[in-house]
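Trainee: sequence first, then the predicted structure, then my questions.
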Amino acid sequence: MTSTSAKYLHIDRVCKSFTNGSKVTDVLSDIRLTIDKGEFVSIIGHSGCGKSTLLNLIAGLTDVTTGALKLEGREVNAPGPERAVVFQNHSLLPWLTVYDNVKLAVNKVFSATKTRAERHDWILHNLDLVQMTHAADKRPGEISGGMRQRVGIARALSMEPKVLLLDEPFGALDALTRAHLQDAVMDIHARLGNTMIMITHDVDEAVLLADRIVMMTNGPAATIGEVLDVAIPRPRDRIALASHPDYVRAREAVLRFLYERHRFVEAAE
Amino acid sequence: MSVVALKSRPAESPKPEAKVMALPAPPKSRLAIRRILSDIAGRVLPPAVVLVVLLAIWQVAFSGQTSGLPTPSTVWTESADLILDPFYVYGTQDIGLGWRVLTSLERVAYGFGLAAVVGVLVGAILGQSALMMRGFDPIFQVLRTVPPLAWLPISLAAFMDSRPSAIFVIFITAIWPIIINTAAGVRAIPQDYRNVAAVLRLNQIEFFWKIMVPSAAPYIFSGLRIGVGLSWLAIVAAEMLTGGVGIGFFIWDAWNSSRLTDIIVALVYIGITGFVLDRLVGWIGTVVSRGTAT
Ligand SMILES: Nc1ncnc2c1ncn2[C@@H]1O[C@H](COP(=O)(O)OP(=O)(O)O)[C@@H](O)[C@H]1O
Ligand SMILES: [Mg+2]
């Protein structure tokens, strides 16, 4: 890696605390992480440790308390379409059709650079990436949870983001649907080469998808406990992988981190 | 509706070509018609029976010589022209109650329209700021309970002219529930939608039209529905000021010249119009906020 690409997304000694009246909660402390362009990073940790907070910091939806967050050398201090987010509960606008949900994003981001016809094609192209063209005229209430997540991904991709942020996107789905969507995400990553950061609480999902797995310690004042490189070549096939020694080793390492060294203490909540 | 359905039935039989296709249809459509008829009967009959009973009680109760109130039959004998022809015109001041209702509706349209626009905008601004909400909400809650008549003198003093005063009375009566409900709706916009707007960098105006209005639509429309009811309630008060040909002034005028039966007919007109207004705004609300609730 060259020195510029090594600092594509740079999280430098970031701390985050929430102030509520006189009560100050330290959620994240001293987060240091550098992510390369095109890399797929999974963030895993126990519930409530601050994963979403970290993702919101990268998205610019919340401000850092101390430290700096830079994308391509430029300070991140506001949300924007170059850091698109796929939210945990899809957050599609229920009064718009699938097509119009994506259109809202496309019209906003490409109003100056694409003609109306080009924008229409671009919307359909993105819906096609997640195989949702057939439901373009349906409303979110009329399609399944898995389909909604697909549309959420299409909407995020349609912004042509530099970094795609996914916050437990498949958490609420059944295993079969989740497997389909994981394959879809892997396929998109291979085709478009986006930088992707995905939060998950599923060890298998983390190992299957990621180039690197970032493991977070428990809160309060959570930080990055360990970073694991997953050097399994792509394309990855979930069935062949099950017995792959690197896969088994990676899985074991994450499990050991989560359940031996940083057991989730219920009382800490 | 049933009349139309009944009419179309005899027309089917003279067509020989359609015979094969039509064969299974008649029992089905006859069943459907019967169902619609019994449905209508089920809705119309009970209130009709109640109405007849109430009218009968009224007739009996006020039939005595000393009674101050007219009975239904006196209403009919003295004011039948008002009931039978809502749209007559005998002179500039002597017109049917239908015309009067329309004149009043125009006035309400100004007052309520203004209240709707201002109310939704103010509500949107208040709903966006918890601090402003805390400051203004108690004041609105108090003002909201002031009856329309109480605004009359203040309104006259402020505008010095009857026409804007009347519209102001309607406006000030209707605006509070619109503000309060819109603000509540805006505060209830899920954080997810706000995050989507932030990532897309929607500006204030885009946020208002694309997120706020559709998301808060059910709240806004329940505010508008209360508001339209209140503005219609204010019509008599407002038209005490303006005079002229409105339905509100008609009642005031009829009272001054002791035409009690006319007042009773006018009350029925006002009641039915208010009912229709309420249903109309409710219906628009259902259509507009279709899909919002999912
Ligand atoms: N806006 C906020 N104000 C105060 N505390 C917050 C806020 N957002 C999150 N937190 C706290 O930060 C911690 C981490 O939350 P979150 O990032 O959502 O965890 P995760 O996504 O890992 O489950 C939680 O203890 C939560 O209560
Ligand atoms: Mg979370």
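Mentor: That came through fine. Ligands and ions are numbered 1, 2, ... in the order given.
Trainee: roughly how far does the residue in chain B that ligand 1 sits nearest to sit from residue B:131?
Mentor: Of all residues in chain B, residue B:191 sits closest to ligand 1, at 9.4 Å by C-beta to the nearest ligand atom. To be clear about C-beta, it is placed using only N, CA and C from the backbone, and glycine gets the same treatment. To residue B:131, residue B:191 is 18 Å away according to C-beta to C-beta, to the nearest Å.
Trainee: just residue A:91 next, same as before
Mentor: Going from residue A:91 to residue B:131 by C-beta to C-beta gives 27 Å.
Trainee: around ligand 1, pick out the residues from the stretch 1-150 of chain A.
Mentor: Within the stretch 1-150 of chain A, the positions adjacent to ligand 1 are A:18, A:20, A:25, A:27, A:45, A:47-53 by C-beta under 6 Å from any ligand atom.
Trainee: can you count the residues close to residue 55?
Mentor: With no chain named, the answer covers chain A. Neighbours of residue A:55 under the rule other C-beta atoms under 10 Å in any protein chain shown: 23.
Trainee: oops, chain B please
Mentor: The number of residues packed near residue B:55 is 14, by other C-beta under 10 Å.
Trainee: how far out from the middle of the chain is the helix or strand harbouring residue B:248?
Mentor: Secondary structure from DSSP states H and E places residue B:248 in helix B:247-256. Computed by C-alpha atoms, centre = their mean, to the nearest Å, the chain-centroid distance of helix B:247-256 equals 21 Å.
Trainee: before we move on, what about stretch A:217-233?
Mentor: 15 Å.
Trainee: now do that stretch: everything it contacts.
Mentor: Here stretch A:217-233 makes contact (C-beta atoms under 8 Å, 6 or more residues apart in numbering or on different chains) with A:25-33, A:45-46, A:48-50, A:207, A:210-216, A:241, A:244, A:246-247, A:250, A:253-254, A:257, A:261-262, A:264-265, A:268.
Trainee: so residue B:104 touches residue B:234, yeah?
Mentor: No - counting by C-beta atoms under 8 Å, residue B:104 does not reach residue B:234; the two are 10.4 Å apart.
Trainee: residue ranges with poor pLDDT in the stretch 1-150 of chain A?
Mentor: The stretch 1-150 of chain A contains residues with pLDDT under 70 at A:1-6.
Trainee: would you tell me which residues of it are close to chain B?
Mentor: Residues of the stretch 1-150 of chain A lying near chain B by C-beta under 8 Å from any C-beta of the partner chain: A:59-61, A:79-81, A:83-85, A:87, A:89, A:91, A:93-95, A:104-105, A:108-109, A:139-141.
Trainee: in helices only, show me those.
Mentor: A:59, A:104-105, A:108-109 (DSSP state H).
Trainee: selecting buried members of those in PyMOL, what would you type?
Mentor: A single PyMOL command selects the buried members of these (16 or more other C-beta atoms under 10 Å in any protein chain shown):
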select buried, chain A and resi 59+104+105+108+109
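Trainee: which two from the ones in helices among the residues of the stretch 1-150 of chain A next to chain B end up farthest apart in space?
Mentor: Greatest spatial distance in these: A:59 and A:104, 17.6 Å, computed using C-beta to C-beta.
Trainee: hey, where'd the helices end up in the stretch 151-294 of chain B?
Mentor: With DSSP state H, counting those that start in this stretch as the criterion, the stretch 151-294 of chain B has helices at B:162-187, B:191-199, B:204-207, B:213-233, B:235-242, B:247-256, B:260-288.
Trainee: out of the ones you listed, which is closest to residue A:197?
Mentor: Of all the helices of the stretch 151-294 of chain B, helix B:191-199 sits nearest to residue A:197, with 14.3 Å by C-beta to C-beta.
Trainee: what residues sit buried inside the closest one?
Mentor: Across helix B:191-199, burial judged by 16+ other C-beta under 10 Å covers B:193-199.
Trainee: for chain B, longest helix please?
Mentor: helix B:25-61.
Trainee: just want the residue of the stretch 151-269 of chain A that's nearest chain B.
Mentor: Chain B sits closest to residue A:159 of the stretch 151-269 of chain A, with a gap of 7.7 Å, by C-beta to the nearest C-beta.
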